[in-house]
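>>> dropping a prediction and its sequence here:
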Amino acid sequence: MTEKVVVIFSGGMDSYTVLNKAIKDGFDVYALTFDYGQRHVKEVQYAKRACEQLNIQHKIVDISAINSIIAGSSLTDDIDVPDGHYESDSMKQTVVPNRNMILLSLAIGYAVSLEATKVYYGAHSGDHAIYPDCRPEFVEKMQNVAAIANYEPVDIAVPYINNDKIEILADGIGMGLDYSQTWTCYNGREKACGTCGACQERLEAFDKNGLTDPLEYEA
């Protein structure tokens, strides 16, 4: 029987690469997407379409009610998304309190119910400066918890924890992936803004790989 794994799939380019990596590694993949009331909920529709094209199991879970107790992020509150690179201090406004611990906890529960052995998520080194829940020390602690929280231990898999977005894109291009099927921008408008940290990091990755991003941009 093929080993089952759960992939937290936002619809962005990092998790899209992780998703395809798990598929190509021969796992029976179950994609899990969360609507947590994010401003860029457009990514959820990209996730749905990508999973339909890949013909894999996919659940979209509405947990937007958590916004009644978790506040202060420009991704979920009525706060403007800051422009600038991820290295900028202003990008701390995009941190959603405890987000990855919440999402991983739910994904681990789903994995146990499926008898899946792993939960994949797309933390990478470019996130380390701003997002505490993407850092290696957070992953290590979550690994420890996931090993004892249930009768069945679950492994937290982060294949790109030591890679930046430039390297992730290079790996995805090597797999022949089509990144027009992904959404990265923190603003959920018709076109990507091109100025938020997520857009700037994405555009930098394409530029450093000598490629043109297939998405349309406002700027």
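Yes, it's here.
>>> now do the buried residues in the lengthiest strand in the chain.
Across the chain, the longest stretch assigned as strand under DSSP state E is strand 28-35. Within strand 28-35, the residues that count as buried by 16 or more other Cβ atoms under 10 Å are 29-34. Bear in mind the C-beta positions are built from the backbone N, C-alpha and C, glycine included.
>>> quick check: next helix or strand after that strand?
Next in sequence after strand 28-35, counting helices and strands by DSSP states H and E, comes helix 42-54.
>>> now that following helix - C-alpha only, PDB.
What follows is helix 42-54 as a C-alpha-only set of coordinates in PDB (Å, rounded to 0.1, in the frame of the first residue of the first chain):
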ATOM      1  CA  LYS A  42      -7.900  34.100  -3.900                       C
ATOM      2  CA  GLU A  43      -5.100  31.600  -3.300                       C
ATOM      3  CA  VAL A  44      -7.700  29.100  -2.100                       C
ATOM      4  CA  GLN A  45      -9.200  29.000  -5.600                       C
ATOM      5  CA  TYR A  46      -5.800  28.500  -7.100                       C
ATOM      6  CA  ALA A  47      -5.300  25.600  -4.700                       C
ATOM      7  CA  LYS A  48      -8.600  24.100  -5.800                       C
ATOM      8  CA  ARG A  49      -7.800  24.400  -9.500                       C
ATOM      9  CA  ALA A  50      -4.300  22.900  -9.100                       C
ATOM     10  CA  CYS A  51      -5.600  19.900  -7.200                       C
ATOM     11  CA  GLU A  52      -8.300  19.300  -9.800                       C
ATOM     12  CA  GLN A  53      -5.600  19.300 -12.500                       C
ATOM     13  CA  LEU A  54      -3.400  17.000 -10.500                       C
END
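>>> residues making contact with the helix or strand following it?
Next helix or strand after helix 42-54 toward the C-terminus (DSSP H and E): strand 57-62. Here strand 57-62 makes contact (Cβ atoms under 8 Å, 6 or more residues apart in numbering) with 9, 29-35, 44, 47-48, 51-52, 106, 110.
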